[in-house]
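Asks: Starting from these lines, generate the structure:
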Amino acid sequence: MESLAQEYEDRLTVAKVDHDANPRLIEEYKVYELPTLIHFKNGQEVPESRREGVITKVKLKDYVDALLESISVS
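Replies: Purely as a prediction, here's the structure:
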């Protein structure tokens, strides 16, 4: 995630949440599997942007590229 955060620093802010230290937040966003990626725009979760489970760096980059493109078009 750190390398992705650096690569996209001009287009994306990456924040990590400690699952054990933030049970209310985990419950609020209904996180059932780790890792979970949730994309937000203007403080709101982007519909159908959630990704749960392990993913390779290449697939993650493809996913983020497609998501950023779809958000910028919306």
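Asks: List the contacts of residue 67.
Replies: Residue 67 is in contact with 39, 46, 49, counting by C-beta atoms under 8 Å, 6 or more residues apart in numbering. C-betas here are computed from N, CA, C, even on glycine.
Asks: Can you give me the pLDDT of it?
Replies: At residue 67, the model reports a pLDDT of 89.
Asks: Kindly confirm my reading that it is in a helix.
Replies: Yes - according to DSSP: H, G, I helix; E, B strand; the rest coil, the state of residue 67 is that of a helix.
Asks: How many residues are close by residue 43?
Replies: 5 (other C-beta atoms under 10 Å).
Asks: Hmm, I typed the wrong one, I wanted residue 68.
Replies: The burial count for residue 68: 14, using other C-beta under 10 Å.
Asks: From residue 35, how far off is it?
Replies: 19 Å (C-beta to C-beta, to the nearest Å).
Asks: Any of the contacts of residue 67 buried? List them.
Replies: 39, 49 (16 or more other C-beta atoms under 10 Å).
Asks: ok, of the contacts of residue 67, which one's closest to residue 11?
Replies: Closest approach to residue 11 among the contacts of residue 67 (C-beta to C-beta): residue 39, at 11.6 Å.
Asks: Please tell me I have it right and the closest one contacts residue 48.
Replies: No - look at residue 39 against residue 48 with C-beta atoms under 8 Å: they stay out of range, at 9.6 Å.
Asks: what about this protein, any weak spots by pLDDT?
Replies: In the predicted model of the chain, residues 73-74 satisfy pLDDT under 70.
Asks: how about the strands of it, start to end?
Replies: Along the chain, counting by DSSP state E, strands occupy 36-37, 40-41, 44-45, 51-52.
Asks: Need those in a markdown table (columns: distance to residue 15).
Replies: A markdown table is the format used below for the strands of the chain (distance: least, C-beta to C-beta, whole Å):
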| stretch | distance to residue 15 |
| --- | --- |
| strand 36-37 | 11 |
| strand 40-41 | 9 |
| strand 44-45 | 13 |
| strand 51-52 | 15 |
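Asks: Please consider this matter closed, and thank you.
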